[in-house]
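K.L.:
Here is my input, please return the structure:
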Amino acid sequence: MNDQPATDLRETVRERYAAAATQVTEGGTACCSPHDGDDAFGATLYPTAERDALPAEAVAASLGCGNPTAVADLHEGDRVLDLGSGGGIDVLLSARRVGPTGKAYGLDMTEEMLALALANQRKSGATNVEFLKGTIEAVPLPANTIDVVISNCVINLSTDKPAVFTEMFRVLTPGGRIGISDVVAADHLTPPQRAERGDYTGCIAGALSFAEYHEGLTSAGFENITLTPTHEVTDGMHSATIRATKP
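P.N.:
So this is what the prediction gives:
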């Protein structure tokens, strides 16, 4: 799918999103992101009322392909983990939904994004939020402690997706669930054909197919798996919502 070693790909991803965070911190929008000017990605996928309730910098740093908080069925008191939380938009939205008895964690590997997210947390006044540094392949939280895992256009960037699925399953409580937005490829597209449609940091070349995604979640132990395409981001590549539960 890509000739770069996994460690090099991860560093390329980190550098791209660090630059996007720096741009926002300096008062702009994430114009150096791989999705600049693309309506299939970013803050326009959130209702205006949700965007208006958040710090402008959290909205400006939004680089996702959906709105996972709209599909995650969050409840008062839930403990939520956002994989690849970026500038914090989905963490802050989750924190509002789960209320003071719940908690929203954000996990990101990029120092610049974490600094931006912490600044956005302070501006929002959210007290039921914690941002963690780490990778989505090795979540720094104990097993069976999270009710809902969300993620927004990040799992496709991982070079070890089975590890991500295993970690999601591990941290979830029995009966816990996932509500994810991600780019997913049509089943007929081969990995080289996906790479022809966009690069890895642009959330295209590393995307799984619908069948591969379903199989990965099944192998990790998930049940009640659904993948629902929401809009096409490029030919044969779709933003999709992914739901599943841990038995």
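
K.L.:
Count the neighbours of Leu132 for me.
P.N.:
By the criterion of other CB atoms under 10 Å, Leu132 has 15 neighbours. C-beta here means a position set from N, CA and C on the backbone, and glycine is covered the same way.

K.L.:
SS state for it?
P.N.:
Secondary structure, DSSP: H, G, I helix; E, B strand; the rest coil: Leu132 is strand.

K.L.:
residue ranges of the helices in the chain, please?
P.N.:
Applying DSSP state H to the chain gives helices spanning 6-25, 48-52, 56-60, 89-98, 111-124, 161-171, 191-196, 210-220.

K.L.:
Could you look over those and pick the most buried one?
P.N.:
helix 89-98 (a mean of 26; mean count of other CB atoms under 10 Å).

K.L.:
Please save the CA atoms from that one in PDB.
P.N.:
What follows is helix 89-98, C-alpha atoms only, in PDB (Å, rounded to 0.1, in the frame of the first residue of the first chain):
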ATOM      1  CA  ILE A  89     -13.300  19.200  19.100                       C
ATOM      2  CA  ASP A  90     -14.800  15.700  19.700                       C
ATOM      3  CA  VAL A  91     -13.500  15.500  23.300                       C
ATOM      4  CA  LEU A  92     -15.100  18.800  24.200                       C
ATOM      5  CA  LEU A  93     -18.400  17.900  22.500                       C
ATOM      6  CA  SER A  94     -18.300  14.500  24.300                       C
ATOM      7  CA  ALA A  95     -17.700  16.200  27.600                       C
ATOM      8  CA  ARG A  96     -20.800  18.300  27.200                       C
ATOM      9  CA  ARG A  97     -22.900  15.200  26.400                       C
ATOM     10  CA  VAL A  98     -21.600  13.000  29.300                       C
END
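
K.L.:
Show me what that helix is packed against.
P.N.:
Counting contacts by 3 or more CB pairs under 8 Å, 6 or more residues apart in numbering; DSSP states H and E, helix 89-98 packs against helix 56-60, strand 79-83, strand 103-108, helix 111-124, strand 129-133, strand 146-152.
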